[in-house]
Every structure is written in C-alpha cells, then in structure tokens.
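Engineer: My questions concern the predicted model and sequence given below.
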Amino acid sequence: MPAIKESAVSDPTSGKPASGSASHYIQTVAVQPELDIAPGFDSFSPATHRGSTVVFRNLAELRAYGDRGTTYWRYGLHATPTSEALCQHLALLEGARHTLLLPSGLAAISLVYFALLKSGDDVLVPDNVYGPNRDHGEWLARDFGVTVRYYDPMIGGGIAGMIRANTRLIWMESPGSVTMEVPDSEAIVAAAKARGVLTAIDNTWSAGLYFRPFDMGIDISVQALTKYQSGGSDVLMGAVLTRDDAVQARLKRARMLMGWGVSADDCHLVLRSLPSLPVRLAAHDRAAREVAEWLHQRPEVVRVLHPALPDCPGHANWRRDFTGASGLFAIIMHERYSQEQVDAFVEALRLFAIGWSWGGAHSLAVPYHVPTMRPAGSWPPAGWQHAGELVRLYIGLEDTRDLIADLRQAMEQVLKG
Ligand SMILES: *Cc1c(COP(=O)(O)O)cnc(C)c1O
C-alpha cells in the first residue's frame, strides 16, 4: 500500500492570509488579529467588557497595582469597566461610596458574615430575617464558633440590653421577610453606635431608594439585585454597599479571597434596568397599596401587613423613615380557614404565579405557616389573638383591576362560607 503523502493532509493554518497581517500565519492571526475599529462610538449602554485576563502594556504597569488611571484594572474576577459602571450606579442611587458585587443576594449576606466575624464573636439577628440568612447564622454558630442570637424585630432601643462585650455585628432587615415588621432602625443604630458595634441592613425591599441606610448611620447595606434592580426575574446578583473605607477594605479582601465575581453579561442586564428602577418601584408601590386597601375591606382577611397600612407592626417607623413602599406585603387570613383552604386559595389564583423571587413584572403569591418560622418566639406580635395563615403577595406590573378581580374570584371559589 502506498504511504499517504504528507501533502495530502491539508492544514488550513499552514499558510499566510492574503491580506491583513502578511507577516503572521493564520493561526496567529486567528488569536491576534490586527483589528482597525474606528474610534468615536458612544452609546447610553456601557460596553460589556468580558475578560478574565487584564492585559498590561509593560511590567511596570503590572507591578504598580492600585494606581487608578494606570493599573487600576488587575483581574477580571475583581472588576471590569462593566462591573465598575454597575457599582458606581448603585452607590449613587443608595447614597453609598463603595459597592461590591456578588453572585446572589445570599452571597452578599454571606460576605458580610465572613468579612466581619471570627471565632469568638457574637452577632444579633432579627427573628424575622430572610430565611437563608438565619440558616447562615446557624451554620456559623454550629461550625465556626460564632454566637448568633435572635432578637424580636420590634425590640427598638431594648437591643442595648442584648449587646455583649464580644458583639461585633447587628443585622437589620426593614421590613422583615414575610411578616413585614418595620423595626425602629434609629434606636437600634443608636444602641449599636454607643457600643461600637457595626450594623448591616438587608435593604432589598426598598431597593435602596425609599430607605436611606447611610443617612441613618447604618454601616452596611445588602441588596438582592436579583429583585428590583434586575427587574426581569432572569438575573441572580447581590451587592454589599458602604460609605466606610475601613469596612470596605475588609469586605473587599474577603470577596477576593472567596473568589466571588459576577459576569459582565449579568452586569449589563442589571445596568439596562436601572434607568427605569425609580418609575417601576413607584408603579409597584401604587399598585400594591391599591390591592392592599382592597384586601383590607375583605372579610376573609383579618390583617394586611403592608408597612404603609396601620395594621403593620412598625407602621410608625415606616412613616418616619421611608419615602415610599414597594410591591411586597402579606395578609393574614381569617382563622376559620385551614392551611389546606388557604393553599387552595393560592392555587386558585390565575394571574398570581406561585414562586419565591419577586421584583419582576409578574405578580406572585406564596402561603406561609409562620409559627414554625420563628424559633425565638417573637410571633405573633404582642397583643395579637389571630391564628390565621399568612399569604405573601407580590404585586407586579399587571393592571390592578385584573389583579383584584383575580383575588376576588379565588376567594369566592375557595373561601366561601
Ligand atoms: C431574595 C432575597 C435575598 C437573596 O437574594 P438572592 O439573589 O435570591 O440570593 C436576600 N434578602 C432578601 C430580603 C430577599 O428577598
């Protein structure tokens, strides 16, 4: 059998291209094309810079890290012009000086814990905190030698009596998850400051627009950008914001060592949604108050836990501290309805989807059995006698006339009698 001649194996990379870089072979041109893109293009959208490798012009640049304007950029994981645009935009909206981006809202919470606490430290957490934040605290307590104690979200200045010599951090959430109590942030911050304890707030509900944590003296704000900032129910991202340079240095170092970064494409998606954030939030606010007030009139509902309504524990704190409300609230159903009936009511809704992560255009409903969620015993609030089930509602951007008609049909179908 004749041997296959070498020339019979065609190698598309063996030649030089007819035009362009005549001095390099095709495989080199494939990697390093000498492109000639005309300058002067500008648009409203910041460029989406995908990049793991940051390229330096010489070694002096590579070695002189930290000097803004020359070698500010270091590594794609830490920052790109796209992530930096999002960081600055978020800081401007919430009144912070620094922003760090994380792969989710929960990662933002986690960063605060790991950056600021070490074995032997103590942290205070509200009893109505976002569920995975509670789970996180329990993990730290079990495996990392941190003591985690839960306080009644309505404790106010009474928090002073819980602060110990080794208390390093007080978490707040306003309003708290699911049950919507609005804490007396002013009193909690005053007590923390008197003892030199850092404060962090999960400020996701107001998207950083209706509650100004840094003006209140809170050190750190956490945002689940997954919610309103994304607005599309299609991105997961979180942020930790602060005004304090020393706190930022600790947070930034921990983020780097954890190896947490975000993709430029996801940053781009959130950046697209920020210009409409204030008008979207105002629309959610208007619609949610309308639906909440309709629900308040219904005999099936005993309480509407919406911070802008007087039924909500901490309503006076909301009036003092907030400039608006958002689209998420809860209702307590009459105690004559069983858990199964309330589940059937939620399933009878047609426009409200069943799902957790809110902040997008679609309305949502989820039932909760609260007593099992509050091990520190702060539920029900003092003076309440109800035993009814809770339904959390998120009001999206549908027409409220249709949403109210949907709630009515589900009540009439399932809760009659
Ligand atoms: C959704 C949510 C988070 C977590 O955000 P993810 O991006 O889903 O991890 C944290 N805090 C609050 C109050 C939330 O509603």
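Structural biologist: In hand now; what should we look at? Computed from a predicted structure; not experimentally measured.

Engineer: wait, what's in contact with the residue in the chain positioned nearest to the ligand?
Structural biologist: Per CB to the nearest ligand atom, residue 105 is where the chain lies closest to the ligand, at 2.2 Å. C-beta coordinates here come from the backbone N, C-alpha and C atoms, glycine included. Counting by CB atoms under 8 Å, 6 or more residues apart in numbering, residue 105 makes contact with 204, 222-227, 236-238.

Engineer: Quick check: it vs residue 239, distance?
Structural biologist: 8 Å (CB to CB, to the nearest Å).

Engineer: Now for these two: what residues contact both?
Structural biologist: 222-223, 225.

Engineer: got the contact list for the residue nearest the centre of the chain?
Structural biologist: Centroid-nearest residue in the chain, with CA atoms, centre = their mean: residue 224, separated by 0.5 Å. Residues in contact with residue 224 (CB under 8 Å, 6+ apart) are 104-106, 108, 202, 204, 238, 359.

Engineer: which residues pair with it across the strands?
Structural biologist: Judged by DSSP bridges, the bridge partners of residue 224 are residue 238.

Engineer: Number the residues from 509 up from this point.
Structural biologist: Let's use 509 as the start, then, which means that last one is residue 732.

Engineer: pLDDT weak spots in the stretch 659-808 of the chain?
Structural biologist: Counting by pLDDT under 70, the stretch 659-808 of the chain shows no low-confidence range.

Engineer: With adjacent residues omitted, what lies nearest to the residue of the chain closest to the ligand?
Structural biologist: Excluding the flanking residues, the one nearest residue 613 by CB to CB, 6 or more residues apart in numbering is residue 732, at 2.6 Å.

Engineer: For my notes, confirm residue 854 occurs in a helix.
Structural biologist: Yes. Judged by DSSP: H, G, I helix; E, B strand; the rest coil, residue 854 forms part of a helix.

Engineer: sorry, back to before: can the contacts of residue 732 go into CSV with extra columns for secondary structure?
Structural biologist: Output for the contacts of residue 732, formatted as CSV (three-state DSSP):
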residue, secondary structure
612, coil
613, helix
614, helix
616, helix
710, strand
712, coil
746, strand
867, coil
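
Engineer: among the contacts of residue 613, who's most crowded?
Structural biologist: Comparing those by number of neighbours (other CB atoms under 10 Å), residue 733 comes first, having 31 neighbours.

Engineer: Could you verify my assumption that that residue touches residue 747?
Structural biologist: Yes. Here residue 733 reaches residue 747: they are 5.5 Å apart, a contact under CB atoms under 8 Å.

Engineer: Need the overlap of contacts for the two.
Structural biologist: Joint contacts of residue 733 and residue 747 (CB under 8 Å, 6+ apart) are 598, 609.

Engineer: Please tell me how far the residue nearest to the centre of the chain sits from residue 686.
Structural biologist: Applying CB to CB, the value for residue 732 to residue 686 is 15 Å.

Engineer: In stretch 860-871, which of the residues would be classed as buried?
Structural biologist: Buried residues in stretch 860-871, counting neighbours by 16 or more other CB atoms under 10 Å, are found at 860, 866-868, 870-871.

Engineer: Need the distance between the two termini of that stretch.
Structural biologist: 5 Å (CA to CA, to the nearest Å).

Engineer: which residues sit against it?
Structural biologist: Residues outside stretch 860-871 that contact it (CB under 8 Å, 6+ apart): 715, 732, 734-742, 835-836, 854-855, 859, 872-874, 901-906, 911, 914-915.

Engineer: Then stretch 777-789?
Structural biologist: 553-554, 590, 593-594, 597-598, 601, 714-715, 717-718, 733, 736-740, 742-743, 745, 832, 834-835, 905.
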